[in-house]
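**Q** What would the 3D arrangement of this be:
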Amino acid sequence: MYERFYGFKVKPFALLPQEEFMFLSRQHSNALALLTYSLHNRAMFCVVCGDIGTGKTTLLRYLLSQHEAHIVVGMITSTTGGFDELLSWMLTEFGLDYRGLDKIGMQQALVTFLRRLEIQGKRAVLVIDEAQALAPQVLEELRLFSNVNAGRTMLLQTILVGQLALRDTLRRPDMRQLAQRVAVDYLLTPLGRDQTEEYIRHRLAIAGSGRDDIFTVDACEAIFTASGGVPRVINLLCDTALAYGYADQALTIDSTTVFEVLADKQREAAG
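**A** Alright, predicted model coming up:
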């Protein structure tokens, strides 16, 4: 709606993860560096946690968009069932048929696939997003399954990405053996005040407006205060503010527009 008015080639503040808009804050750069290092060194488990909307999935998609051709990725968005269900998702993501197989059969099929990849000079990486939904027993069975190896070579690497509850689960006494196998355990935190302004201007530039002054400094300040630096909330506020600006035919978004957005959202919530 407002894209043409502000000169955007694409919408700058979509709510869905967009790896092409990846903003490498200090936190995200550190997480990316650690994950990349761990992938190259075949770490058994990596864990990235963060509150809702802190950019975990975007970071993950950015990482995987750059993976090398010899790495075969299976990505599971969310699963809440038992290990049988997780196995069926794993087989599906790696392009294998699980139909008609029991639990042992699915594990055997997966091991055969992993060993075949090793012979071909390839390796598999399993990514589980929203991993806080996995029960402790499922995580423990995943650990036991991940012990499969060919000599000293790790056949399956696993990246667990989830909300803060995942960290709490991994710190339980009965999760000690899994925790000891985690090479990377990184906590993504919200953006700071200056980072929020940089994030907004970064996304404006990627969207192709050719202007970095669409949002004033005081507008960025108001957005930081209201969002707490959480990227998803920043996107929501910026997107709505641009819609309001377009309605007013305003070439610049200032704090007045942001406060109007916030007031309307408060009324909607109350009402």
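**Q** how far out from the middle of the chain is stretch 102-118?
**A** When distances are taken as Cα atoms, centre = their mean, to the nearest Å, stretch 102-118 is centred 27 Å away from the chain's centroid.
**Q** Just the CA atoms of it, as PDB, please.
**A** Presented in PDB, the C-alpha positions along stretch 102-118 are these (Å, rounded to 0.1, in the frame of the first residue of the first chain):
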ATOM      1  CA  ASP A 102       8.200 -48.700  13.300                       C
ATOM      2  CA  LYS A 103      10.500 -46.800  15.600                       C
ATOM      3  CA  ILE A 104      13.400 -49.100  15.100                       C
ATOM      4  CA  GLY A 105      12.900 -49.200  11.400                       C
ATOM      5  CA  MET A 106      12.900 -45.400  11.200                       C
ATOM      6  CA  GLN A 107      16.100 -45.200  13.100                       C
ATOM      7  CA  GLN A 108      17.700 -47.800  10.900                       C
ATOM      8  CA  ALA A 109      16.600 -46.000   7.800                       C
ATOM      9  CA  LEU A 110      18.000 -42.700   9.100                       C
ATOM     10  CA  VAL A 111      21.400 -44.300  10.100                       C
ATOM     11  CA  THR A 112      21.700 -45.900   6.600                       C
ATOM     12  CA  PHE A 113      21.000 -42.500   5.000                       C
ATOM     13  CA  LEU A 114      23.600 -40.800   7.300                       C
ATOM     14  CA  ARG A 115      26.300 -43.400   6.500                       C
ATOM     15  CA  ARG A 116      25.500 -43.100   2.800                       C
ATOM     16  CA  LEU A 117      26.100 -39.400   3.000                       C
ATOM     17  CA  GLU A 118      29.400 -39.900   4.700                       C
END
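**Q** List the buried residues of that stretch.
**A** Across stretch 102-118, burial judged by 16 or more other Cβ atoms under 10 Å covers 106-107, 109-110, 113-114, 117-118. For the C-beta atoms, the positions are set from N, CA and C on the backbone; glycine is no exception.
**Q** which residues of the chain fall in helices?
**A** 3-6, 26-40, 56-65, 83-93, 103-119, 136-146, 164-170, 176-179, 193-206, 217-227, 231-247, 255-270 (DSSP state H).
**Q** Any idea which of those helices gets closest to residue 49?
**A** Closest to residue 49 of the helices of the chain, according to Cβ to Cβ: helix 164-170, at 4.6 Å.
**Q** Let me see the mean pLDDT of that closest one.
**A** Model confidence over helix 164-170 averages 95 on the pLDDT scale.
**Q** picking up where we left off before, in JSON lines: the helices of the chain, plus distance to residue 158.
**A** Compiled in JSON lines, those are given as follows (distance: least, Cβ to Cβ, whole Å):
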{"stretch": "helix 3-6", "distance to residue 158": "39"}
{"stretch": "helix 26-40", "distance to residue 158": "11"}
{"stretch": "helix 56-65", "distance to residue 158": "13"}
{"stretch": "helix 83-93", "distance to residue 158": "10"}
{"stretch": "helix 103-119", "distance to residue 158": "12"}
{"stretch": "helix 136-146", "distance to residue 158": "6"}
{"stretch": "helix 164-170", "distance to residue 158": "13"}
{"stretch": "helix 176-179", "distance to residue 158": "10"}
{"stretch": "helix 193-206", "distance to residue 158": "30"}
{"stretch": "helix 217-227", "distance to residue 158": "32"}
{"stretch": "helix 231-247", "distance to residue 158": "25"}
{"stretch": "helix 255-270", "distance to residue 158": "39"}
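**Q** Show me the one of the ones you listed that comes nearest residue 13.
**A** Shortest distance between residue 13 and the helices of the chain, using Cβ to Cβ, is found for helix 231-247: 4.1 Å.
**Q** shouldn't residue 18 be in contact with residue 55?
**A** No. Counting by Cβ atoms under 8 Å, residue 18 sits too far from residue 55 to count as a contact (10.5 Å).
**Q** Have a look at these two and say which one is more surrounded.
**A** Taking residue 18 and residue 55 together and counting by other Cβ atoms under 10 Å, residue 55 has the greater number of neighbours (23 against 18).
**Q** Leaving out sequence neighbours, find the closest residue to that one.
**A** When the adjacent residues along the chain are set aside, residue 55 lies closest to residue 231, with 4.7 Å between them (Cβ to Cβ, 6 or more residues apart in numbering).
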